[in-house]
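sequence plus the predicted model coming up.
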Amino acid sequence: MKELNIGMIGLDTSHVIAFTKLLHNQSGKYHVKGGKVVAAFPDGSPDFALSMSRLDKFTLELKQTYGVKIVDSMKAVVEESDAILIESVDGAQHLEQLQKIASCRKPIFIDKPLSLSSQEADVMIRLADKYETPIMSSSALRFAEGLQAVIHAFPDRHVVGADCFGPMYLEEEQSGFFWYGIHTIEMLYSLLGAGIKEVTTESNSDYDVITGVWKDGRIGTVRGNRVGNEQFGAVIHYDDGSEYVAIKSSDKPFYASLLEEIICFFRDGNSRVHLQETREMILFIEAANKSKQTGEKQYV
């Protein structure tokens, strides 16, 4: 099949280099076939110090190491590409970026989080519908090989609940759990799907535990650590037993698994994560943030 010309917008996250290396390094163990990054626009966020501290470094590496053409506008990226990766580390930028390129009708992957509010997520979904432009957003943890291996090993077992865990760093400019919590929350949604009813958060300076109750009565939890180990994992509860998932049980990078799904999405235009589920995850995070602030259960 024809190799896709991929454009990139937002060069202020390590994902920029991780994705490009996987696509360009044909001798790499986990090389992802199907496309090359051909054009990129830096577009850092002046409102997020972490963005600006990384922007020049990643832009230079993309140009010098991988031969990517650095252009001066999003329009130029779209013109030179078959599909687009919006990689900006500041989720607050994603709506404005999508507004500028949504009419292109080319598939667009928006790195996590889709947005920092459900209101912005709704606008983005309406834009995609209006212009018939396919969009997809996901954390790489959803497609981690260790998690997917267990899911696919027991397709006929009924999941009655799940407990997921992982690091839970916070960034003031990124609205609480939108920064790192989204990884573990995405794992939970890959197991339980949409249908959340209520969310409660218990927190101290080192840990957070988010409990979600689904409309059908199932319960899922997310445990976030700011001290101790940084391992991602889960316990999946079936009606006939439970299975432990150690994400580190596979040496395949999360990003490689995600990128394989993105390339498939770029080719057929079908998001591997339904946009309404992505939207509900935004609602879940909003509710978890509010519960942490108020100490009260939040209804979604």
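Thanks, I have the structure now.

rest of the way, CA atoms for contacts and neighbours
Noted.

any idea how many residues pack against S14?
13 (other Cα atoms under 10 Å).

distance check, it against I84.
To I84, S14 is 17 Å away according to Cα to Cα, to the nearest Å.

with G181 instead?
From G181 to I84 the distance is 25 Å (Cα to Cα).

residues in contact with E173?
Contacts for E173 were tallied using Cα atoms under 8 Å, 6 or more residues apart in numbering; they are 47-48.

again with the one 5 residues further on
With contact set as Cα under 8 Å, 6+ apart, F178 has these partners: 113, 116, 285.

so the second one, which of the three states?
Which is L116. Put simply, L116 is coil when judged by DSSP: H, G, I helix; E, B strand; the rest coil.

surely it meets Q174?
Yes - counting by Cα atoms under 8 Å, Q174 is a contact partner of L116 at 7.3 Å.

the more surrounded of these two?
L116 (25 against 18).

how close does the more buried one sit to Q298?
Counting by Cα to Cα, the gap from L116 to Q298 is 18 Å.

and R54, that's in a helix?
Yes - using three-state DSSP, the assignment for R54 is a helix.

just to revisit the earlier point, which residues are common contacts for L116 and Q174?
91-92.

of the contacts of F178, closest to Y189?
Checking these against Y189 with Cα to Cα, the nearest one is I285 at 11.8 Å.

run a quick neighbour tally on the closest one.
Using other Cα under 10 Å: I285 sits among 23 other residues.

name the helix or strand for it, please.
I285 is part of helix 275-294 when elements are defined by DSSP states H and E.

send the alpha carbons of that helix over as PDB?
Output of helix 275-294 as PDB, limited to C-alpha atoms (Å, rounded to 0.1, in the frame of the first residue of the first chain):
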ATOM      1  CA  LEU A 275     -15.700   9.600  20.100                       C
ATOM      2  CA  GLN A 276     -18.600   9.400  22.500                       C
ATOM      3  CA  GLU A 277     -16.500   7.200  24.700                       C
ATOM      4  CA  THR A 278     -13.700   9.700  24.500                       C
ATOM      5  CA  ARG A 279     -16.200  12.400  25.400                       C
ATOM      6  CA  GLU A 280     -17.400  10.500  28.400                       C
ATOM      7  CA  MET A 281     -13.800  10.100  29.700                       C
ATOM      8  CA  ILE A 282     -13.600  13.900  29.700                       C
ATOM      9  CA  LEU A 283     -16.800  14.000  31.800                       C
ATOM     10  CA  PHE A 284     -15.300  11.300  34.100                       C
ATOM     11  CA  ILE A 285     -12.200  13.400  34.600                       C
ATOM     12  CA  GLU A 286     -14.200  16.600  35.200                       C
ATOM     13  CA  ALA A 287     -16.200  14.800  37.800                       C
ATOM     14  CA  ALA A 288     -13.100  13.200  39.500                       C
ATOM     15  CA  ASN A 289     -11.500  16.700  39.600                       C
ATOM     16  CA  LYS A 290     -14.600  18.200  41.200                       C
ATOM     17  CA  SER A 291     -15.000  15.400  43.700                       C
ATOM     18  CA  LYS A 292     -11.300  15.900  44.800                       C
ATOM     19  CA  GLN A 293     -12.000  19.600  45.300                       C
ATOM     20  CA  THR A 294     -15.300  19.300  47.100                       C
END
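
having no further points to raise, I will conclude here.
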